[in-house]
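A.B. asks: next input, structure requested:
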Amino acid sequence: MKAIITFLLLFVSVLTYSQSEKYFNYRIYKPLSSRVDTTYSITPKFEKNPYKKEDFGLFDFKDGAGMYVRRFVNNITKAVLKDTVEMLEYRLGKDSEASWAKVTLYIDEEGNIRYIFLSITKNDRKYLSDALLYELYQKFKATKFDMRVGVFRSKTGDAPTGKCFTIVMSLYTKIFHNKAL
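C.D. replies: The predicted structure follows:
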């Protein structure tokens, strides 16, 4: 009888674990910074990165665009994660306080977000479920990046020939240049 109960509990826990990760693949890696615990690299199961190495160009931001980018990411994150942003793990920089969790946005030449991948700490994994991350992914995909905040160029600096560029940002920034965002 104990063996049957143990088997059922094991089966239910395996089933629950596999169902909880239906949208994303989670790969564990140890970051170079010793201040950060184990980190998960999160990629979607339902979509492959559409770009190859030669597809990337550069995006030169105009002065003051950093604030736009931070607000862009923050607004989307806060809309989906609501109170969860307060539970994220933060790092204190010289003049900023930002989450260890990161989002990488692959943006095409028209400002559409074509692909996203996330990186979160083991501690943040407690608060960010697969379903919540999927909702965040959908929200990012539904928005458009304002291309007027910079100039899109090829890697050599010529006219734009690349198909996309990337932005890597903290998933949420509380304070930037000693100002709340």
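
A.B. asks: when you work out contacts or count neighbours from here on, use the C-alpha atoms and nothing else.
C.D. replies: OK.

A.B. asks: wait, Met87 touches Tyr127, no?
C.D. replies: Yes - between Met87 and Tyr127 there is a contact under C-alpha atoms under 8 Å: 7.3 Å.

A.B. asks: packing partners of the top strand by length along the chain?
C.D. replies: Within the chain, and with DSSP state E defining each element, the longest strand by residue count is strand 113-121. Where contact means 3 or more C-alpha pairs under 8 Å, 6 or more residues apart in numbering; DSSP states H and E, strand 113-121 is packed against strand 39-44, strand 102-108, helix 130-142.

A.B. asks: let's have these in CSV, adding distance to Ile76, mean pLDDT and mean neighbour count.
C.D. replies: Listed next are those as CSV, based on distance: least, C-alpha to C-alpha, whole Å; pLDDT from 0 to 100; neighbours: other C-alpha atoms under 10 Å:
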stretch, distance to Ile76, mean pLDDT, mean neighbour count
strand 39-44, 18, 93, 20
strand 102-108, 11, 93, 21
helix 130-142, 7, 93, 16
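
A.B. asks: turn these into a markdown table, columns for distance to Lys30.
C.D. replies: Below are the helices and strands packed on strand 113-121 laid out as a markdown table (distance: least, C-alpha to C-alpha, whole Å):
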| stretch | distance to Lys30 |
| --- | --- |
| strand 39-44 | 6 |
| strand 102-108 | 15 |
| helix 130-142 | 21 |
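
A.B. asks: select, out of the ones you listed, the one closest to Phe72.
C.D. replies: Among these, the nearest to Phe72 by C-alpha to C-alpha is helix 130-142 (9.6 Å).

A.B. asks: after the closest one comes which helix or strand?
C.D. replies: Using DSSP states H and E, the helix or strand that follows helix 130-142 in sequence is strand 150-153.

A.B. asks: for that following strand, buried residues please.
C.D. replies: Neighbour counts over strand 150-153 (16 or more other C-alpha atoms under 10 Å) mark Phe152, Arg153 as buried.

A.B. asks: chain center to that strand: distance?
C.D. replies: Chain-centre distance of strand 150-153: 22 Å, with C-alpha atoms, centre = their mean, to the nearest Å.

A.B. asks: which strands and helices lie in contact with it?
C.D. replies: Applying 3+ C-alpha pairs under 8 Å, 6+ apart, we find strand 150-153 packed against strand 58-61.

A.B. asks: mind running it again at 10 Å?
C.D. replies: Contact partners of strand 150-153 among helices and strands, from 3 or more C-alpha pairs under 10 Å, 6 or more residues apart in numbering; DSSP states H and E: strand 58-61, strand 164-170.

A.B. asks: now do the longest one: distance to the chain's middle.
C.D. replies: Using C-alpha atoms, centre = their mean, the mean C-alpha position of strand 164-170 is found 9 Å from that of the whole chain.
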